[in-house]
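**Q** take this sequence and fold it.
(one chain, ligands or ions: 1)
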Amino acid sequence: MRVAFLGPHGTFCEQALRTLTPEVLGDALGDPEPALLPIPSTTAALDAVRRGDADAACVPVENSVEGGVPATMDGLVETPPLLIVREILLPVRFSVLVRPGITAAGVGSVASHPHGEAQTRRWIAEHLPAAEVRLTSSTAAAAAQVAAGEVDAAVCAPVAAAHHGLVELASGVHDTGDAVTRFVLVRPPGTLGLPAPTGADRTSLAATTVNHPGALLAVLTEIAVRGVDLTRIESRPLKDRRGEYWFFLDGTGHVAEPAMGEALAALRRRCTDVRFLGSYPRATVAGEETGAGPGPGQTVKDYTESAAWLAALRDGSGA
Ligand SMILES: O=C(O)C(=O)C[C@]1(C(=O)O)C=C[C@@H](O)C=C1
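**A** Below is the predicted model:
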C-alpha cells in the first residue's frame, strides 16, 4: 500500500505519519508497513487517493494557533468521498534553517508554509525584520528552496535540516509554545469498513443548510440534545452558491453509537447535504483533558434501554 503525505521529506506531516505504529497502520489500512509517498500539496495528496494512485493520505487539518487548513477542508468535501480513519496530534516546534556559513545578517528572504509563517510571525519580525517573507506549499518545500539557493532561510521542522543538507540558525522560534497540529489519515470508504468503536472516538461531518433564521442553531440543537460534545465548528464557503457554507463539525462519539447515529440521521433530515467524514479513535496530547462525559439520560446505556422500552411498546409486550 502507498500512503501519500504532504512532502517533500522533512515536513511535520511526514513526522505525524511516522508516529503511527505498524499495529495502528495495520488496523486502519490493512497494511502495517505501507510505502510513504511525498506529494507536493494537500490537494494533490487527496486527489492521488481519489484517482487510486495512493491508497491513503495523511494531511494537516488544523493547527491550535492558526486554525483550519483550508485546502484540506475543501478537499475533504469533494467527491468521491474519503473517510477519516485516524487523527494524529503533533506538537510543532520550528527552527530557522540556512545553508552552512550563512548568518542572520545574510538572510534577505525567509520562506515557510502559511501556517508556519503564522506561528513564527513575531519572531521573524523581531529577528529578521528586513527579510522578505515567501510562502511555500510546505515547510520542507521551503527547506528545499534554501538548499537550491532560491531563498536564504526556511522556517520549518528541525528534521528538515538532515533531509536538505542545511544547518540551524535558530531553534524554538515559534511565537506560542505548546502549539499542536492535527493531521488526519484518510482512505476511500468500502473495503475495510469503519474503524471499530473504542469508547473514546470522534466523528467528523460537514453539513450545509439553506439560510433561514435559526438554521445553524437548529443543526447544533440536534447535536446538543443528544449529549454529543461538539469539539470543533468551522465554516467554509460552498463556492458555487454565494452566502451558503459547509459547517465542519467534530463531536465526541462513534456513528455506531446511538447518540451520534441519531444526531446524524436528524441532520440528514434537516440539512440540504450532510457528508459523513468518519468516526475514528480520539487522539490526545500528554496531560490533555478528554472533556465532559454524557449528561443525565445521555449514556449509551440510557439510549439502549429507551430503545428496548420503545420496541416493547410497539410490539405490545410493554407499557
Ligand atoms: O508544511 C508542513 O510541514 C506541514 O506538515 C503542514 C503544516 C500545516 O499545514 O499546518 C503542519 C504543521 C505546521 O503547523 C505547519 C505546516
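
**Q** surely Thr209 meets Leu217?
**A** No: using C-beta atoms under 8 Å, Thr209 makes no contact with Leu217, being 10.6 Å away. Every C-beta, even on glycine, is put in place using the N, C-alpha and C of the backbone.

**Q** tell me which of the two has more neighbours.
**A** Thr209 (18 against 9; other C-beta atoms under 10 Å).

**Q** show me the contacts for that one.
**A** Going by C-beta atoms under 8 Å, 6 or more residues apart in numbering, Thr209 touches 215-216, 218-219, 247, 270-272.

**Q** just the pLDDT for it.
**A** Per-residue confidence (pLDDT) for Thr209: 94.

**Q** tell me the contacts of the residue nearest to Pro40 when sequence neighbours are not counted?
**A** Closest residue to Pro40 apart from its sequence neighbours, by C-beta to C-beta, 6 or more residues apart in numbering: Ser137 at 5.5 Å. Ser137 makes contact with 6, 40-41, 113 under the criterion C-beta under 8 Å, 6+ apart.

**Q** from those residues, which land in strands?
**A** Counting by DSSP state E, the part of those found in strands is Leu6.

**Q** by contact count, what packs against the helix or strand hosting Leu277?
**A** Using DSSP states H and E, Leu277 sits within strand 273-281. Applying 3 or more C-beta pairs under 8 Å, 6 or more residues apart in numbering; DSSP states H and E, we find strand 273-281 packed against strand 83-91, strand 180-187, strand 201-208, helix 258-270.

**Q** need the ones you listed in JSON lines (columns: mean neighbour count and distance to Val59).
**A** As requested, the helices and strands packed on strand 273-281 are exported to JSON lines (neighbours: other C-beta atoms under 10 Å; distance: least, C-beta to C-beta, whole Å):
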{"stretch": "strand 83-91", "mean neighbour count": "21", "distance to Val59": "10"}
{"stretch": "strand 180-187", "mean neighbour count": "23", "distance to Val59": "6"}
{"stretch": "strand 201-208", "mean neighbour count": "23", "distance to Val59": "13"}
{"stretch": "helix 258-270", "mean neighbour count": "18", "distance to Val59": "23"}
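
**Q** the ligand: which of those is closest?
**A** Closest to the ligand of the helices and strands packed on strand 273-281 is strand 180-187 (C-beta to the nearest ligand atom; 3.9 Å).

**Q** what is the neighbour count of Pro38?
**A** Pro38: 18 surrounding residues under other C-beta under 10 Å.

**Q** contacting residues around the nearest residue to it once chain neighbours are set aside?
**A** The spatially closest residue to Pro38, leaving aside those adjacent along the chain, is Gly7, at 2.4 Å (C-beta to C-beta, 6+ apart). The contact partners of Gly7, taken as C-beta under 8 Å, 6+ apart, are 13-14, 37-40, 138, 140-141.

**Q** and Leu192, by the same measure?
**A** 29-30, 85.

**Q** put together TSV for these, with distance to the ligand and pLDDT on each row.
**A** Listed next are those as TSV, based on distance: C-beta to the nearest ligand atom, whole Å; pLDDT from 0 to 100:
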residue	distance to the ligand	pLDDT
Leu29	20	96
Gly30	25	94
Val85	19	98
